[in-house]
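**Q** For reference, the sequence and a predicted model appear below.
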Amino acid sequence: MSSTLMFVCSDAEKYGMLAQPMQDAGFDTEMVDPGATTVLETIETAAPMATVFDLATGPEQAMQEIAKAMLADPNLPRPLLVFVGGDADTVATIKGDIPFAVFVNPDELMWVLKHLVYKD
């Protein structure tokens, strides 16, 4: 598994805001749009230590399906799955399918990643 954090996000500017503190802390980051036809292949190639789904940029259902596909595909790594933002109904729905994922607000993301993913 690499030292990469993969952001599933449909807004490059928002990705930059979320990823910059991680990059400053020494993490490598990449972004993939949830609507890309190669999203699973991109994640597989990166073999990330964590995959961060930005629910604020949507589409939430596509992100949920990507996470479920990651768990079902034996070729994909099993990184930490972190969902950022989202309203209470969306979070509850995703938790129903992926109960062991981590759900955080944007201001909690750095703390969670630093404590759940070891990085010197």
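**A** Cool, the structure landed.
**Q** Give me the secondary structure label for the residue nearest the centre of the chain.
**A** For the chain, V52 is the residue whose C-alpha lies nearest the centre (C-alpha atoms, centre = their mean; 1.5 Å). Classification of V52 using DSSP: H, G, I helix; E, B strand; the rest coil returns strand.
**Q** List the residues that contact it.
**A** By C-beta atoms under 8 Å, 6 or more residues apart in numbering, V52 lies in contact with 5-9, 18, 82-84, 109, 113. Yep, even glycine has a C-beta here, placed from its N, CA and C like the rest.
**Q** And A12, by the same measure?
**A** M31.
**Q** Then R78?
**A** If you count contacts by C-beta under 8 Å, 6+ apart, R78 has them with 70-71.
**Q** helix/strand/coil for it?
**A** Put simply, R78 is coil when judged by three-state DSSP.
**Q** What's the per-residue pLDDT of it here?
**A** At R78, the model reports a pLDDT of 73.
**Q** Next one: it relative to E65, how far apart?
**A** Here the criterion is C-beta to C-beta, to the nearest Å. By it, R78 lies 17 Å from E65.
**Q** host element of S10?
**A** Under the assignment given by DSSP states H and E, S10 is not contained in any helix or strand.
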